[in-house]
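*Asks:* Got a sequence here, can you build the structure:
(2 chains)
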Amino acid sequence: MGLDEDDFVFLGTPIEREDEIASRKKKAVAGASGTLKTLPAWKQEVTDEEGRRRFHGAFTGGYSAGYYNTVGSKEGWAPQSFTSSRKNRAGARQQSISDFLDEDEKAEFEGQSLSASSQFDTFGFTAAEHSRKQAEKEQHERPSAIPGPVHDELIAPAPESIGVKLLLKMGWRRGHSIKDVRASSDARREARKAFLAFSADENTKESSDSLVLETEAETSLGPQFSEDIKFSETTPVYVLNPKQDLHGLGYDPFKHAPEFRENKRSRLSASKETGNRKPLSMKESLFGPKSGKLAPGFGIGALEELDIEDEDVYTGYDFDQTYVIEDEQPARPSNDNNTLRLTSKEHNVLPGFGAASNSDYSVERFAPPKIPKDFVARHKFSGPREAETKPTASAPPDVPPPEDKNLKLLIDGFATFVSRCGKLYEDLSREKNESNQLFDFLRGGSGHEYYARRLWEEQQKRSGQSNLQLDVKVLPSVQKMTAETRGSLLGERPLQKSKKEPETSSSGGSFQFPTNLSDTFTKSASSQEAADAVKPFKDDPVKQERFEQFLKEKYKGGLRTTDSNRFNSMSESARAQERLDFEAAAEAIEKGKAYKEVRRATERPIDFLAGGLQFTSGGTEQVKDTGVVDMKSSKTYPKREEFQWRPAPLLCKRFDLPDPFMGKPAAAPRARNKMDSLLFLPDTVKAAPGSGAGQVSDLEEPKKEPEVEVEVENVERPVDLYKAIFSDDSEDDEEQQQPMNGKTGDGQEKKNEAAATTLNRLIAGDFLESLGKELGFEVPSDTPSEGTRPMVADIKSKGRSDASSETRPGLNEKSEEKRSSVKLVSEEEKSTQKGEISPRNWSGRNDLSSSESSGDERRRKRSKKDRHRNYDSESDSSSDYHKRDKHGSRSRRKRRESSREKRSSHKKHSKHYKTKDSSSSRYSADEERKESKREKRRRRD
Amino acid sequence: MSAATTELPTKEANLLKGHEGAVLAARFNGDGNYALTCGKDRTIRLWNPHRGILIKTYKSHGREVRDVHVTSDNAKFCSCGGDRQVYYWDVSTGRVIRKFRGHDGEVNAVKFSDTSAVVVSAGFDRSLRVWDCRSHSVEPVQIIDTFLDTVMSVVLTKTEIIGGSVDGTVRTFDMRIGREMSDNLGQLVNCISISNDGNCVLAGCLDSTLRLLDRTTGELLQVYKGHISKSFKTDCCLTNSDAHVIGGSEDGMVYFWDLVDAKVVSKFRAHDLVVTSVSYHPKEDCMLTSSVDGTVRVWRK
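*Replies:* This is a model prediction of the structure:
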């Protein structure tokens, strides 16, 4: 076939089909729109803009370009027409890069060459260039008298750009930089660097207190520098580096290794500032240490990076001498030769002089001013308010209160208010209530005398209060006149001041003062002060605000209406709870104050508040303050906490210790408490607390049984339990069909009994599980797939068990045992009959317990006796654990007495169990063989 | 008091010179006949401190060596340091048997278990790592990473691992019951040392205080002050009779306190610079101190 085809010769251009092109185009469109991109990478095709495939495999054509991999076109390669005549000579054709570029490349290329259009050409560079080119071109066209491009450069017709014009208008002159004078310019930096170098060099020779010198020099040079910069031009300042070394002129020891220059400089500066080792930025230098101090003498490998840990923390030791000496050696001896130089050993001391041990000059320090003992660090403003509220010398005459009770109340309240807030308030309200009849007393109407008297009284009271601070000594006359007493006289029931029902003030009325207003006002503000200082609800600002409001109301009273709507968002119960919190907090604060006072009395100042009362949103609770260290550290520290920690088995082995967690599943995360674990356990685990219970009961048994077996059960119990509860119908059917076990009739009832017992156990298990947890035992974590199979049959079997439990509620222990064995038999048979649910199936189920079971396996091998007991306990596990202790041995005996068949099946079952627990399928594969062997052995003995 | 001071090793018996740069740790071997020192010069040196002879120098570390510990049979020792590795050495050949890599930071302290089966290292990476010397595994047997900050020091008993950390805790990991006891001292714990009766832990804190803790209850028994310990790792230990507490100071002094009444019984200038390590002879009244000045001194009574 292939050969035949090769023989054909095709002539002419094949006609491209319409649909082919269409599909190609479609493809290109699709590719562009990104639909193709959803394809996997190996299915995507690279196409050009026309949808042609350009990349083929390496063996199917490679990369195709041009026109079928030629430089030609569809029309073929067309040579350029070349004409040259005497008149019109063809010059050497100038090739440009564009001749060799594809369209797309050209597009790319064009994109790269960016230039400002003449409109935005601030400095006219582009314009100049452009015009120069233009001129050149023109010159070619019309040769001028002056040959060469000289005059074109001289007279470049560059238009002044708008930017330049603007700048010039702003005072800028050509050639000057337009940078801000104060900004640190490159020139400045350059100059500074040079100066630093200079001063550093200087310091090697005159190792004077360089820091001071440097800073001094800097400050002195500062203005000069700025001056320089003021006149600095666009050309950078050329920095003259003074010659400091003894090398020949022009000789630079670091010519080819500039890194060392930096290195040296850094070292010099580092030695300068031994005191404060501020890390120099030496990143640009290759070998420069990041910090001034490096561990002496021990360089690290060239490929290693210097880290902070390489820094020498022990700064006391000076290893300066160990620095590697470089080829710049001749500079050093000169130091020693120069007698007038300062010796490097004793800094700042000229030869022949000794450093003074005590200098006259010392910074005079003044002790802080003594604060008088009675100084109170709080400023009292003697503002106009105070001045105004100064009680008038002459008391207004005592006037009986007006007839109108309401008016009297109003006046009382108002007077108190004014006495508190100052005269200004009175004026204000007078203005405001110009037309209000109620406030006639302000303008000398009815009750004015009484008002004046009240005001005077209140002011008197207040001034007395301020004089006597905490001591609330009210004049007897005033006491007589308080709103409360008056109210009681008048038969009014004062509102509870500790209660803050919003509805008390919600009733209408333009002005309503609570009846206990004046009283609460007059109360000492000390408690308020204390409350201000304490912010028990710091973490909740809104609540804190409410609390403050609460305190204010509690101690001072006030207008409550304004805030009542603020609480509306809270539920009644939440409000009540908060109220309780607030009361408690306030009480605590009060107590704290008392405590503080007591402390003050004993003259041992301690900040009670720092001791930490913290009120969380959940309620009040005392929180230990970690902030206070010194005083209380002895009390709060050391704090002991205990956690569970699981040593690795190997670790225990290496320490020759038994693993306390041997065979236990991984420990739960630390934060969990008992409740957590109960709450967050999956339902399946909740349903199987019997396992934990069984574990405990096992532990309570005499310690004959090694711990090991406890763990074994620990793992296996859930399975057993599930079976007891959720054994499915198919099992039953098989059971009944089986002639092998003779007690088919009993089987079902027994199972039901077992279910009942397990249910009982569930109840008891709740308790025991918690007990087990307290003893530090873990409830075996449940495999998620555990419940899947039994769950399916769950409903059916449950219904059944319910029905049958009615018929046979009796529970006898023997039948229960039998049940277990019977059931186990059925289980075993099932597995043997149905190959698909046989060991492998089981093994996959219980993978969490794999390690345990493998360990368990080892142990089984270890001692046969143990194994026996093991099996017993396994089969027992479904029986009532309460009776286990008593009947364990008996049941064992009985079982032994039972029929051979049953026994063997039981053993088989136990094998089956094992496979269930081991997760490794390969293990279960050769399980049959092993087991048979073992069985033989067992029969022998 | 005078009687007490005469018991204390306050007289310089030998000066061990050889380390270039700071000596970071000096440790007696199990019977106290030899001493191992390590330092900033990346070497570990084996000495006969009683005769003042340098026996061997071990070089392999890439950075400074911070701690060293010898097995009870004197056949092997382990060391750790700035190169984030724990080295397991053969004493006689001087070869590195194994390098345990895994710490993410410098390793501050290292200790053998009682049977020399495992090495426990305390690292800057906030972990204690247990390395197996018996098997060929180079993976840690266990990583204890409950510390919140650099673990500075580790001590092992027969059944417990005790670590002191900069997070202010001394954590005891009991392998028998699988519990972790965390005693928060509230101060950065620099060095811990266990009393010879095994009932107390002495914790050197960076507030220039040594604290003695009861191990069973976590109670603070005594506080020892007077020395300077603020920024460097300085060791503390107890004398063999548990009668005195010894602490190195950053000013080169060594302090002796009475264990019970916490009085400074004796203090003397041991070095010019920071005393990095104090090690007490397991049987005799003899003490090793090492310092940043590059010297190790042997003290006898």
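*Asks:* Report the central residue of chain B.
*Replies:* residue B:235 (6.2 Å; Cα atoms, centre = their mean).
*Asks:* Could you confirm residue B:155 falls within a strand?
*Replies:* Yes. Inclusion of residue B:155 in a strand is indicated when DSSP: H, G, I helix; E, B strand; the rest coil is applied.
*Asks:* With only the CA atoms kept, save stretch B:152-161 in CSV.
*Replies:* Provided in CSV are the C-alpha atoms of stretch B:152-161 (Å, rounded to 0.1, in the frame of the first residue of the first chain):
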residue,chain,number,x,y,z
MET,B,152,18.0,26.0,76.7
SER,B,153,18.8,23.0,78.8
VAL,B,154,17.9,19.4,79.2
VAL,B,155,18.3,17.0,82.0
LEU,B,156,17.5,13.3,82.0
THR,B,157,16.6,11.0,84.8
LYS,B,158,16.0,7.3,84.5
THR,B,159,12.4,7.8,83.6
GLU,B,160,12.0,11.5,82.8
ILE,B,161,13.2,14.1,80.4
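*Asks:* which of the residues in it are buried?
*Replies:* B:152-157, B:159-161 (16 or more other Cβ atoms under 10 Å in any protein chain shown). Every residue, glycine included, has its C-beta placed from N, CA and C.
*Asks:* got a list of contacts for it?
*Replies:* The contact list for stretch B:152-161 (Cβ atoms under 8 Å, 6 or more residues apart in numbering or on different chains) reads A:655, A:657, B:108-114, B:120-122, B:128, B:130, B:144, B:162-166, B:172-176, B:189-194, B:198, B:201, B:233.
*Asks:* of those residues, buried ones?
*Replies:* A:655, B:108-113, B:120-122, B:128, B:130, B:144, B:162-166, B:172-175, B:189-194, B:201, B:233.
*Asks:* what residues does the stretch 101-250 of chain B put near chain A?
*Replies:* Within reach of chain A by Cβ under 8 Å from any Cβ of the partner chain, the stretch 101-250 of chain B has these residues: B:106, B:113-115, B:117-118, B:130, B:132, B:134, B:141-142, B:144, B:146, B:158-159, B:170, B:173-187, B:211, B:213, B:217-220, B:231-232.
*Asks:* show me where the stretch 401-550 of chain A has helices.
*Replies:* A:405-421, A:423-432, A:448-468, A:476-481, A:483-489, A:517-522, A:526-533, A:541-556 (DSSP state H, counting those that start in this stretch).
*Asks:* In chain B, where is pLDDT below threshold?
*Replies:* Chain B contains residues with pLDDT under 70 at B:1-6.
*Asks:* Now with 80, please.
*Replies:* B:1-7 (pLDDT under 80).
*Asks:* what's the answer for chain A, then?
*Replies:* A:1-10, A:13-83, A:89-161, A:173-247, A:250-364, A:377-408, A:414-451, A:454, A:457-638, A:662-941.
*Asks:* Have a look at it and report its longest strand.
*Replies:* Assignment by DSSP state E gives strand A:639-644 as the longest strand of chain A.
*Asks:* Tell me which helix or strand the closest residue to chain B within the stretch 1-150 of chain A sits in.
*Replies:* Nearest to chain B in the stretch 1-150 of chain A, going by Cβ to the nearest Cβ, is residue A:41, at a distance of 37.1 Å. Using DSSP states H and E, residue A:41 sits in no helix or strand.
*Asks:* I'd like to know how many residues surround it.
*Replies:* 6 (other Cβ atoms under 10 Å in any protein chain shown).
*Asks:* Please report the distance of it from residue A:51.
*Replies:* For residue A:41, the distance to residue A:51 equals 19 Å [Cβ to Cβ, to the nearest Å].
*Asks:* same thing with residue A:379?
*Replies:* The value you get for residue A:379 to residue A:51, if Cβ to Cβ is used, is 86 Å.
*Asks:* So the two - more neighbours on which side?
*Replies:* residue A:51 (19 against 6).
*Asks:* Can I take it that the more buried one is in a helix?
*Replies:* No. Counting by three-state DSSP, residue A:51 is located in no helix; its state is coil.
*Asks:* My read is that residue A:662 contacts residue A:649, right?
*Replies:* Yes. Using Cβ atoms under 8 Å, residue A:662 is in contact with residue A:649, at 6.9 Å.
*Asks:* before we move on, what SS does residue B:288 have?
*Replies:* strand.
*Asks:* hang on, it packs against residue B:297?
*Replies:* Yes. The pair residue B:288 / residue B:297 is scored as a contact, 7.3 Å apart, by Cβ under 8 Å.
*Asks:* quick one, which of those two is more surrounded?
*Replies:* Using other Cβ under 10 Å as the criterion, residue B:288 and residue B:297 rank with residue B:288 on top: 28 against 23.
*Asks:* out of everything not next to it in sequence, what's closest to residue B:260?
*Replies:* Nearest non-adjacent residue to residue B:260, counting by Cβ to Cβ, 6 or more residues apart in numbering or on different chains: residue B:222, 7.2 Å away.
*Asks:* Helix or strand next in line after the stretch of helix or strand the one you found belongs to, which one?
*Replies:* Using DSSP H and E, residue B:222 maps to strand B:220-225. Counting by DSSP H and E, the next helix or strand C-terminal to strand B:220-225 is strand B:236-238.
*Asks:* Direction included, what does the helix or strand just after that next one pair up with?
*Replies:* Note on strand B:236-238: by DSSP H and E, the next helix or strand toward the C-terminus is strand B:244-248. Using DSSP bridges, strand B:244-248 pairs in its sheet with strand B:236-238 (antiparallel), strand B:253-258 (antiparallel).
*Asks:* For burial, what's the neighbour tally of the nearest residue to residue B:275 once chain neighbours are set aside?
*Replies:* Computed as Cβ to Cβ, 6+ apart, the closest residue to residue B:275 that is not its neighbour in sequence is residue B:248, at 3.2 Å. For residue B:248, the neighbour count with other Cβ under 10 Å is 30.
*Asks:* ok, so what distance separates residue B:248 from residue B:210?
*Replies:* 10 Å.
*Asks:* Three-state assignment for residue A:580, please.
*Replies:* Residue A:580 ends up helix, using three-state DSSP.
*Asks:* actually residue B:30, not the one I wrote
*Replies:* Strictly by three-state DSSP, residue B:30 counts as coil.
*Asks:* What residues does it make contact with?
*Replies:* B:70-74, B:282.
*Asks:* separation between it and residue A:137?
*Replies:* In terms of Cβ to Cβ, residue B:30 sits 96 Å off from residue A:137.
*Asks:* can you check residue B:218 too?
*Replies:* 95 Å.
*Asks:* same thing with residue B:232?
*Replies:* The value you get for residue B:232 to residue A:137, if Cβ to Cβ is used, is 79 Å.
*Asks:* That concludes my questions; thank you for your assistance.
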